[in-house]
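K.L.:
Following is a predicted model, sequence given first.
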Amino acid sequence: MNLQYIRVNTLKINPETLKNRLENKGVMLKETFLPYAFEVLESPFSVGATPEYLFGYYFVQSISSMIPPIVLNPSKDDLVLDMCAAPGGKTTHLAQLMNNEGAIIAVEIKSSRMKSLKANINRMGIANVIMLNMNVLHLKEKDLKFDKILLDAPCSGNVIKDKSRSVTKEDIIYCSNRQKELIDAGIDLLKEGGVLVYSTCSAEEEENEGVIEYILNKRDDVELLPIENNFKGINVIEGGIEGTLRVIPPNEPFFIAKLMKIKD
Ligand SMILES: C[S@@+](CC[C@H](N)C(=O)[O-])C[C@H]1O[C@@H](n2cnc3c(N)ncnc32)[C@H](O)[C@@H]1O
């Protein structure tokens, strides 16, 4: 079963106003633990093709994918890095949480995916994001340090686009190695006391707990911060490492961990 959710862009519209507008057109919405997110129970048309969508009043995404920005909890005083940004579901959510203030650097390696990132940022009226089309591993040459970092890593859940092909052990190991490199670079880019949230939409241990174990063993300047499981109505359990979270079906599988840099 594919559950469908929308995240209301509170920078542009009040959730109740949008709910009434969509319900008047025959869309059936159900409230969630988030006052600005609704489950779409029924719709006479595609919710990705309405005037309200084009006006940037909402984003269509899984409720699981809304959890990493909430856990990162950025404020308007933060300098935030979104290491793997396109198509921008989480970048635009971070901007919303920051009330369009402060600054977010959103990095995306693939120029083909910059188009969707740019389009979503423009559609949602985001004004605090600088987009960079580059390999985030090269950002350390720029002498920048961040208060908050989101690493929503590429994983076997989205790297393998061909649904008819199953994910092989080699795919998982390839992704895991890439994730380890990215998380290590992310910790280098954090200020002392800064926080990094790591997430993937893969259910594989090697891409999740394995990456967190790797970084905690490799470095002595980072510690795990436990995440409180207070996501009512969503299937969330503790991950294989105490303090991490796993979202499980029928919600989209997700793994989330939170790390703090304890010394520079
Ligand atoms: C899981 S997707 C990100 C989804 C996005 N965070 C969202 O919520 O819409 C991972 C993205 O990371 C990008 N990526 C992979 N390696 C990268 C790198 N080294 N530097 C920057 N972006 C990278 C991929 O091209 C892909 O667009």
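P.N.:
Yes, it's here.

K.L.:
Run through the residues of the protein sitting next to the ligand.
P.N.:
Selection of the chain residues close to the ligand by C-beta under 6 Å from any ligand atom yields 65, 84-90, 107-110, 113, 135-137, 152, 154, 158. C-beta here means a position set from N, CA and C on the backbone, and glycine is covered the same way.

K.L.:
Looking at those residues, which are in strands?
P.N.:
107-108, 152 (DSSP state E).

K.L.:
Show me what the residue in the stretch 151-264 of the chain positioned nearest to the ligand bridges to in the sheet.
P.N.:
Nearest to the ligand in the stretch 151-264 of the chain, going by C-beta to the nearest ligand atom, is residue 152, at a distance of 3.6 Å. The partner list for residue 152 in beta bridges (DSSP bridges) reads residue 199.

K.L.:
how many other residues sit next to it?
P.N.:
Other residues within reach of residue 152, judged by other C-beta atoms under 10 Å, total 23.

K.L.:
Could you check how far it is from residue 28?
P.N.:
Counting by C-beta to C-beta, to the nearest Å, the separation of residue 152 from residue 28 is 30 Å.

K.L.:
returning to that earlier point: wait, isn't the residue of the stretch 151-264 of the chain closest to the ligand in contact with residue 90?
P.N.:
Yes. Using C-beta atoms under 8 Å, residue 152 makes contact with residue 90 at a distance of 5.5 Å.

K.L.:
Now the common contact residues for these two.
P.N.:
68, 82 (C-beta atoms under 8 Å, 6 or more residues apart in numbering).

K.L.:
Show residues contacting the lowest-mean-pLDDT helix or strand in the chain.
P.N.:
Least confident element among the helices and strands of the chain, by mean pLDDT, DSSP states H and E: helix 156-159 (a mean of 78). Residues outside helix 156-159 that contact it (C-beta under 8 Å, 6+ apart): 167, 171-172, 175, 200-204, 207, 253.

K.L.:
7 Å instead?
P.N.:
Applying C-beta atoms under 7 Å, 6 or more residues apart in numbering, the contact partners of helix 156-159 are 167, 171-172, 175, 200-202, 204, 207.

K.L.:
Next: stretch 168-188.
P.N.:
Residues contacting stretch 168-188 (C-beta under 7 Å, 6+ apart): 83, 136-137, 140, 149, 151, 153-156, 159-160, 196, 198, 204, 206-207, 210-211, 214-215, 218-219, 221-222, 261.

K.L.:
Check these for burial and list the buried ones.
P.N.:
83, 136-137, 149, 151, 153-156, 160, 196, 198, 204, 206-207, 210-211, 214-215, 219, 222, 261 (16 or more other C-beta atoms under 10 Å).

K.L.:
So which of those residues are in helices?
P.N.:
Judged by DSSP state H, the subset of the buried ones among the contacts of stretch 168-188 located in helices is 156, 210-211, 214-215.

K.L.:
and the gap between residue 249 and residue 120?
P.N.:
Counting by C-beta to C-beta, the gap from residue 249 to residue 120 is 26 Å.

K.L.:
So if I had to pick from these two, which one is more boxed in?
P.N.:
More neighbours surround residue 120 than the other of residue 249 and residue 120, with 19 against 10 (other C-beta under 10 Å).

K.L.:
Figure out the helix or strand that residue 126 lives in.
P.N.:
In the assignment (DSSP states H and E), residue 126 maps to no helix and no strand.

K.L.:
same question, residue 81
P.N.:
Residue 81 is part of strand 79-82, with elements assigned from DSSP H and E.

K.L.:
Next, the buried residues of that strand.
P.N.:
Buried, per 16+ other C-beta under 10 Å, within strand 79-82: 79-82.

K.L.:
Please tabulate the residues you listed in a markdown table, including the columns pLDDT.
P.N.:
Formatted as a markdown table, the buried residues of strand 79-82 follow (pLDDT from 0 to 100):
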| residue | pLDDT |
| --- | --- |
| 79 | 98 |
| 80 | 98 |
| 81 | 98 |
| 82 | 98 |
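
K.L.:
of the residues you listed, closest to the ligand?
P.N.:
residue 82 (6.6 Å).
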